[in-house]
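Enquirer: One predicted model, sequence on top.
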Amino acid sequence: MTFELQHTDPQSEARAGVLTTDHGSIQTPIFMPVGTAGTVKGVLMRDLKEEVKAQIILGNTYHLYLRPGTHVLEQAGGLHKFNGWDRPILTDSGGFQVFSLTGIRKLREEGCEFRSHIDGSKHIFTPEGVMDIERSIGADIMMALDECPPGTSDFSYAKKSLGLTMRWLDRCIKRFSETEPLYGYHQSLFPIVQGCTFPELRRQAAEMVAEKQCEGNAIGGLAVGEPTDVMYEMVEVVNEVLPKNKPRYLMGVGTPANLLEGIARGIDMFDCVMPTRNGRNGMIFTAEGTVNLRNRKWADDFSPLDPCGSASIDHFYTKAYVHHLFKAQELLALELASTHNLSFYLWLVGEARKHIVAGDFRSWKDVMVKKVSQRL
């Protein structure tokens, strides 16, 4: 994997680059649709390519391990062959999912013991085991196993948690270096910077992660309930330390405004379930603000879903029609809203990239943040 930094914004930390994997190149900044169980909910692979123009998608280690299982994925030749996606894939380590299983998991130095949310069966995730699972899945980018502590954690717990995450990281790196990809193409390992909302811990974590000299780095444990300005502060603290010549991935973030503010602070990669989850509930994101298509006010609005035309469907379907589909409980409503929202997110980071290259990102961003934060 290589990362080429091509342009920087003169008035912010925004960057434009190209991340190259064996399954193709990714223009950054980039948003990655979340395909938790091997599929992006409600969106065909064809539409991910042609409408959304996704360059990379996510899979989740926890969910894919439980179902369909690594034995099926290995027989298929990895997740790329199993789901038909021939572009890059990133897998989360499953840490966030496991640690959200409050009451049915036990954390210890060896790893995390948990019970399946599907059938209650007992399992354990260790750093070594997670590396093996991600090898079986075959993602181009693998995430290290970490503990994602609650955003309300006090300093004592956050420090203890960070120590465990870093010890697990050493074990992940060791196992990663001892094993080889299963399907004939290169895989990369990204560590995750934790530390809750404590600048001292975040800085310390970033320094330790930078020393590992992995091919890219991630920032985790944010957008979990802390104030937005605190999240931005933590990103700034971490990015002062993380190497500029490596891609930076802010995990699980977020709203359109979050993406733009993250880009302004030097983030290259994002993912979030918001575009599809909100879309399935009738909310669409547009260049002028968010729209709740379930509301009566859109019943006779025959304007396009988004006048900016982030996807071809935006000019083909009207707000009134998709409002009708939601009211009639037609499954097409969920598909159209999800496809539109993902298309908008990819359009937004694409526009950000254009303005970084043009040198006027900061002024464009300030205008766009106000627009996309409106409710119409």
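Expert: Structure received.

Enquirer: tell me what the helix or strand containing residue 136 is packed against?
Expert: Assigned by DSSP states H and E, residue 136 belongs to helix 127-137. In terms of contacts (3 or more C-beta pairs under 8 Å, 6 or more residues apart in numbering; DSSP states H and E), helix 127-137 is packed against helix 61-66, helix 70-76, strand 89-92, strand 141-143, helix 155-178. C-betas here are computed from N, CA, C, even on glycine.

Enquirer: Point out where the protein drops to low pLDDT.
Expert: Flagging of the chain using pLDDT under 70 yields the residue ranges 101-104, 309-310.

Enquirer: care to break it down by domain?
Expert: 2-272, 279-372 (automatic domain parsing).

Enquirer: Determine how far the longest one lies from the middle of the whole chain.
Expert: Same thing as domain 2-272. Mean-position distance between domain 2-272 and its chain equals 7 Å (C-alpha atoms, centre = their mean, to the nearest Å).

Enquirer: mind checking the end-to-end distance for it?
Expert: 24 Å (C-alpha to C-alpha, to the nearest Å).

Enquirer: From start to finish, how long is stretch 187-202 in a straight line?
Expert: The first-to-last residue distance of stretch 187-202 comes to 26 Å (C-alpha to C-alpha).

Enquirer: And the strands in the stretch 251-376 of the chain?
Expert: 269-271, 283-286, 289-292 (DSSP state E, counting those that start in this stretch).

Enquirer: Surely residue 19 and residue 6 touch.
Expert: No: in this structure residue 19 lies outside contact range of residue 6 using C-beta atoms under 8 Å: 11.1 Å.

Enquirer: Comparing the two, which residue is more hemmed in?
Expert: When neighbours are counted by other C-beta atoms under 10 Å, residue 19 comes out ahead of the other of residue 19 and residue 6, with 27 against 13.

Enquirer: Packing partners of the helix or strand hosting that one?
Expert: Using DSSP H and E, residue 19 sits in strand 15-21. Secondary-structure packing of strand 15-21 (3+ C-beta pairs under 8 Å, 6+ apart): strand 2-8, strand 24-28, helix 331-358.

Enquirer: most tightly surrounded among the ones you listed?
Expert: helix 331-358 (a mean of 22; mean count of other C-beta atoms under 10 Å).

Enquirer: and the direction of that one versus that of strand 24-28, what angle?
Expert: Taking axes from the mean of the first three to the mean of the last three C-alpha atoms, to 10 degrees, one finds helix 331-358 and strand 24-28 inclined to each other by 70 degrees.

Enquirer: Now stretch 279-294: buried residues?
Expert: Under the neighbour-count criterion of 16 or more other C-beta atoms under 10 Å, stretch 279-294 has 279-280, 282-287, 290-293 buried.

Enquirer: And it, end to end?
Expert: 11 Å.

Enquirer: what does stretch 43-63 give?
Expert: Where stretch 43-63 begins and where it ends lie 18 Å apart, using C-alpha to C-alpha.

Enquirer: Could you point out which of the buried residues of stretch 279-294 is nearest to residue 97?
Expert: Residue 97 has its nearest neighbour among the buried residues of stretch 279-294 in residue 280, at 19.4 Å by C-beta to C-beta.

Enquirer: and the gap between the closest one and residue 339?
Expert: Distance, residue 280 to residue 339, by C-beta to C-beta, to the nearest Å: 11 Å.

Enquirer: show me the contacts for residue 130.
Expert: Contacts here follow C-beta atoms under 8 Å, 6 or more residues apart in numbering; on that basis residue 130 touches 61, 93-95, 144-145, 172.

Enquirer: sorry, that was for residue 165
Expert: Applying C-beta under 8 Å, 6+ apart, we find residue 165 in contact with 146-147, 192, 194, 205.

Enquirer: Let's have the residues you listed in a markdown table, adding neighbour count.
Expert: Converted to a markdown table, the contacts of residue 165 look like this (neighbours: other C-beta atoms under 10 Å):
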| residue | neighbour count |
| --- | --- |
| 146 | 29 |
| 147 | 21 |
| 192 | 27 |
| 194 | 27 |
| 205 | 30 |
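
Enquirer: Inside strands: which ones of the residues you listed?
Expert: residue 192 (DSSP state E).

Enquirer: Nearest to residue 249 among the contacts of residue 165?
Expert: Distances from residue 249 to the contacts of residue 165, taken by C-beta to C-beta, are shortest for residue 192, at 8.7 Å.

Enquirer: so who does the closest one touch?
Expert: 93, 95, 143-144, 146, 165, 169, 209, 217-221, 251.

Enquirer: Next one: it from residue 328, what distance?
Expert: Distance, residue 192 to residue 328, using C-beta to C-beta: 43 Å.

Enquirer: And for residue 235?
Expert: Distance from residue 235 to residue 328, counting by C-beta to C-beta: 42 Å.

Enquirer: So for the two, which sits in the more crowded spot?
Expert: Neighbour totals were compared for residue 235 and residue 328, and residue 235 leads with 25 against 9 (other C-beta under 10 Å).

Enquirer: That one: what's it in contact with?
Expert: 219, 222, 250, 262, 265-267.

Enquirer: Hmm, residue 295 and residue 283 touching each other?
Expert: No: when contacts are counted by C-beta under 8 Å, residue 283 is not listed as touching residue 295 (10.0 Å).

Enquirer: Contact partners for the residue located most distally from the centre of the chain?
Expert: Relative to the C-alpha centroid of the chain, counting by C-alpha atoms, centre = their mean, residue 300 is the outermost residue, at 35.5 Å. For residue 300, the contact set (C-beta under 8 Å, 6+ apart) comprises residue 320.

Enquirer: Is residue 193 bridged to anything, and to what?
Expert: With DSSP bridges as the criterion, residue 193 is bridged to residue 219.
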